[in-house]
Every structure is written in C-alpha cells, then in structure tokens.
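J.: Everything below, folded, please.
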Amino acid sequence: GEEVHVSVLKALGLLGLGRERVVRVPVDSQGRMRADALPPLKGPTIICLQAGNVNTGACDPLEEICAIAHDAGAWVHVDGAFGLWLAAAPARAHLVRGLAEADSWATDAHKWLNVPYDSGLVICRHPADLRAAMSATAAYLQQDDRGEPFHYTPEMSRRARGVEVWAALRSLGRAGLDDLIERSCQHA
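T.: Numbering: from 1, shown residues only. Here you go, the predicted structure:
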C-alpha cells in the first residue's frame, strides 16, 4: 500500500530486491490498501499487507486481497507489527479476518506485550520454504530433523528471545491478553 511501513522497504533492500521496485497500491483515507486498485499480478509476486497501519491502526482487507493474490499464485505477507494481536481479542478479531490465509506474518511482541524491543516474531505457513531460505550447511554444523534455531532465523547464534514472549503470554493468559488489547483500544 501507499503507506507501507519503512521496515518492509528496508527488508526488500537488504534482500537485494531494491526499494524502488515496489509497486505501491492506492489506499483509502485510513491507509487501508484498496483491493480494487491492485495491479494485474503476474510472475513471482509478494504482496505485503498491513494489520495495523502505523498512522491510523487500520487493517488492509486481508481476506479479499489474500483471495486475489492466491488465485494469481502470489505470496502474501502480513506486517502485523501490532495489529496481528487483534486476532487474540474476540471483539476486535473481525478487523484481521483473512489473516489465516496469508503465507507469512510478522509482529512485534514489544508493543502490546511490553517485552524487550528485539522480540519480533515471524510466522510462516510453509516451514520448508522458511528453512530453505534461512538454513546453512557446513561440515561442523549438525544436520538433523531437530528444530535447530539457526535453520529458521537469519542469525546463527542469538539469545533466547522467546522466553520473554512466552512469559508474558503465560502470565496474561488468553483473557488477560484480550483485556490488554481491549483496554488499549478503548484508551486510543
């Protein structure tokens, strides 16, 4: 969308795809991508949707755009930095309807969960694709079917960032997470 978050553009640059090759789709007054303004999809395509526009909090029409994208064989990624958590709040989950149809999601646990800043999460529907993109092989690296972390992240060594996320979710529980999200939305 026209209001894509700068982190998506930075990621495309780091991947070597370039920041200027991005086709920006017109948005409505709340910054939601307009499904009717999607260009014809051809060739390998990644559509980056937003669940929680940084300026307004609005969510792209995920369900509608996922259907269009998948009919064309495109990959759909959702930048859900904070909006992805809406799925955990029953009164707000309708805002991210269609989220489950995406191929990958990213969210920042440091926003609503108040965990350390570098606690970003990426979720991929296709584990083989994720492993193919992230894994590395060398004679000194153990190769087996166990869930070696370096097969699923860019770093080969890192601290256990998931501990804080697990602790926050464990202490809040589903009802506590729902309450946290609902109270935040009410305050906003």
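
J.: who does the longest helix seen in the chain touch, helix- and strand-wise?
T.: Once the chain is assigned using DSSP state H, the helix that runs over the most residues is helix 162-187. Counting by 3 or more Cβ pairs under 8 Å, 6 or more residues apart in numbering; DSSP states H and E, the packing neighbours recorded for helix 162-187 are helix 109-112. For every residue, glycine as well, the C-beta is placed using N, CA and C.

J.: Go ahead and name everything in contact with the helix it packs on.
T.: The contact list for helix 109-112 (Cβ atoms under 8 Å, 6 or more residues apart in numbering) reads 81-82, 85, 115-121, 164-165, 168, 177, 180-181, 184.

J.: Past that helix, which element shows up next along the chain?
T.: On the C-terminal side of helix 109-112, the closest following helix or strand by DSSP states H and E is strand 120-124.

J.: Report the mean per-residue pLDDT for that next one.
T.: Here strand 120-124 scores 91 as its mean pLDDT.

J.: just stretch 47-66 next, same as before
T.: Across stretch 47-66, the average pLDDT comes to 96.

J.: Ends of that stretch, what's the gap?
T.: The first and last residues of stretch 47-66 sit 9 Å apart, counting by Cα to Cα, to the nearest Å.

J.: Name the residues of it that are buried.
T.: Using 16 or more other Cβ atoms under 10 Å as the test for burial, stretch 47-66 gives 47-54, 57-62, 64-66.

J.: quick one: which of these sit in strands?
T.: Those of the buried residues of stretch 47-66 mapping onto strands are Ile47, Cys48, Leu49, Gln50, per DSSP state E.
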